[in-house]
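In: structure for this input, please:
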Amino acid sequence: MKFLHISDIHLGCTRYQLSESPRDFFDAWIDVLRKYAIGEKVDFVIMAGDFFHKRNVPPETMNYAFAGLSLLKDEGIPVVAIEGNHDQKHNDSEFSWLRSLANWNLLYLLEPKNINGKMTYQPWDSEDGKGGFVDIGAARIFGSDWYGASANWAIPMLTEAMKENRRTGAFHILLLHTDVEGHQTHPIPALSIANLKELKSVTDYVALGHTHKSYEIDNWAFNPGSLEITSIDDYRETRGAWLVEVGENNEVKARHITDYRQRSFQRLSFDVSGYASAAEITEGVLEKVKFEARTAEDNQPQPIIEITLRGHLGFPNSLLELAKIREEAQKMTNALHVRIKNHSAPVEYAVAADLEEDASREKLERRVIEDLIVRDNRYKLRAEEMAEAVIGAKRMVLSDEEPEKIVDFIALKIVESRESRVES
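Out: The predicted structure is shown next:
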């Protein structure tokens, strides 16, 4: 048995408001399908959440989805999917575009049910286009919902529900969209390794999604990473797809795939400290671009280049020649887009001044918040934990978490803070 495990396709994502971006995400996905689903003659494809970038899907994006899924259907390759945080249905509606795709027989959308407070699985019903698990050959594949910060709470119930629906001799797969402890890139509380491993008693393969970088745990739980970059902060992460072969005794041989069409990204940094004029900075930045920036290659997507100005500026920001830098850099590289980020600041307003140049957006955001908190003597000794609470709450809001869950998260952080102060 052979299958392809992908996640976080994010069809419809528009980076930097570029009209080419939605096509980038389709091109990456369709190239993977042609090379590693059809080309490798897999038995099925699993998609572990965030197929779409948003719940409200534009017509162009739906066309892309229909084209790729129809391609697989024509080849006789079934697709199994779950919802992620980006494309989950609204709480007050039973309808979503993923459910429509299931109703059109283009994929299996697997969802457990909650009956009288108990999580239950029901087999796929082809007439209703609904179900919690489906059998494809030797595999029994289970779905799950997006649990967000409640993943640790949900795992024992998932484990029990799967235990009641195992099939003798089958290869059991669970699709799960969540961060995992030690691998997360979001501050929202992640699923602990201990809780994740509870699933070992009922699964042979856990197909993870949500985190945009690749990793595996015990040759049993696998996260492929996103197919394309949704944010330039991810450009250094290894991402792609898992091509998985299962032997007669259910042994797993997984190969991580990265060879497919992707747009390249590059991040450059320039320290403006010590320069007396805007012209000198422009000259210095363009010199750096000349020797370090990537240039467009034939038959390859044009690169996207981000140039960040850092350090302490000795004159007003308004004098910087940002438009000239962008235009000249684009001419020199033939890049699709050159993005200029001015993170420089007068010395008296500097925050995160000693942070390394290539720090991620996540790290920079955390440091800026910590520096601002430290300025208030009431909270300076708790800056780290308060920053974690602020960022965590922000991420939950951006993930459309329910207000009650956000309040519970903040309350949990307050309790943890009080307990740590008592202990100290």
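In: relative to E245, how far out is the residue positioned nearest the centre of the chain?
Out: The centroid of the chain falls nearest to H212 when counting by CA atoms, centre = their mean (3.7 Å). Applying CB to CB, to the nearest Å, the value for H212 to E245 is 25 Å. All C-beta spots, glycine's among them, are computed from the backbone N, C-alpha and C.
In: can you check G49 too?
Out: Using CB to CB, G49 is found at 23 Å from E245.
In: between these two, who's got more neighbours?
Out: With neighbours defined as other CB atoms under 10 Å, G49 and E245 compare such that G49 has more, 28 against 14.
In: quick check: which element contains that one?
Out: G49 is part of no helix or strand, with elements assigned from DSSP states H and E.
In: contacting residues for it?
Out: G49 is in contact with 7-8, 81-87, 146, 175, 177, 209-210, counting by CB atoms under 8 Å, 6 or more residues apart in numbering.
In: once you drop chain neighbours, what's closest to it?
Out: Of all residues not flanking G49 in the chain, G84 sits nearest, at 2.8 Å (CB to CB, 6 or more residues apart in numbering).
In: the one you found and K54 touch, don't they?
Out: No. Using CB atoms under 8 Å, G84 makes no contact with K54, being 11.1 Å away.
In: higher neighbour count, these two?
Out: Neighbours per residue (other CB under 10 Å) separate G84 from K54, with G84 holding more: 26 against 16.
In: and that one, its phi and psi?
Out: Main-chain torsions, G84, degrees, to the nearest 10: phi -110, psi -170.
In: what distance do you get for it to L286?
Out: In terms of CB to CB, G84 sits 41 Å off from L286.
In: secondary structure element holding E388?
Out: helix 383-398.
In: how far does that helix sit from the chain's center?
Out: Offset of helix 383-398 from its chain centre (CA atoms, centre = their mean, to the nearest Å): 18 Å.
In: tell me the helix or strand right after it.
Out: Using DSSP H and E, the helix or strand that follows helix 383-398 in sequence is helix 403-423.
In: that next one: which residues count as buried?
Out: Buried residues in helix 403-423, counted by 16 or more other CB atoms under 10 Å: K405, I406, F409, K413.
In: what's the closest of those to L110?
Out: K405 (23.0 Å; CB to CB).
In: thought V80 was touching L98, still the case?
Out: No. Taking contact to mean CB under 8 Å, the distance of 11.7 Å between L98 and V80 leaves them out of contact.
In: joint contacts of the two?
Out: L107.
In: wait, isn't T203 in contact with F171?
Out: No. With contact defined as CB under 8 Å, T203 does not count as touching F171 (9.3 Å).
In: save the contacts of G49 as TSV, and put in pLDDT and secondary structure too.
Out: TSV is the format used below for the contacts of G49 (pLDDT from 0 to 100; DSSP: H, G, I helix; E, B strand; the rest coil):
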residue	pLDDT	secondary structure
S7	97	coil
D8	95	coil
A81	97	strand
I82	96	coil
E83	93	coil
G84	91	coil
N85	86	coil
H86	82	coil
D87	82	coil
W146	91	coil
L175	98	strand
H177	95	strand
G209	95	strand
H210	93	coil
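In: show me the two of the residues you listed that sit farthest apart.
Out: Most distant of the contacts of G49, by CB to CB, are H86 and L175, 15.2 Å apart.
In: next, the contact list for the residue nearest to G49, please.
Out: Counting by CB under 8 Å, 6+ apart, G84 touches S7, D8, A48, G49, D50, F51, W146, H177, G209, H210.
In: please apply the same query to R99.
Out: R99 neighbours (CB under 8 Å, 6+ apart): K89, L109, G129.
In: just the helices in the stretch 51-200 of the chain please.
Out: 59-74, 97-103, 151-163, 193-196 (DSSP state H, counting those that start in this stretch).
In: need those in a markdown table (columns: mean pLDDT and distance to E20).
Out: Formatted as a markdown table, these follow (pLDDT from 0 to 100; distance: least, CB to CB, whole Å):
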| stretch | mean pLDDT | distance to E20 |
| --- | --- | --- |
| helix 59-74 | 95 | 12 |
| helix 97-103 | 90 | 23 |
| helix 151-163 | 93 | 35 |
| helix 193-196 | 93 | 38 |
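In: could you dump those helices into TSV and include distance to Q330?
Out: Compiled in TSV, the helices of the stretch 51-200 of the chain are given as follows (distance: least, CB to CB, whole Å):
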stretch	distance to Q330
helix 59-74	26
helix 97-103	36
helix 151-163	43
helix 193-196	45
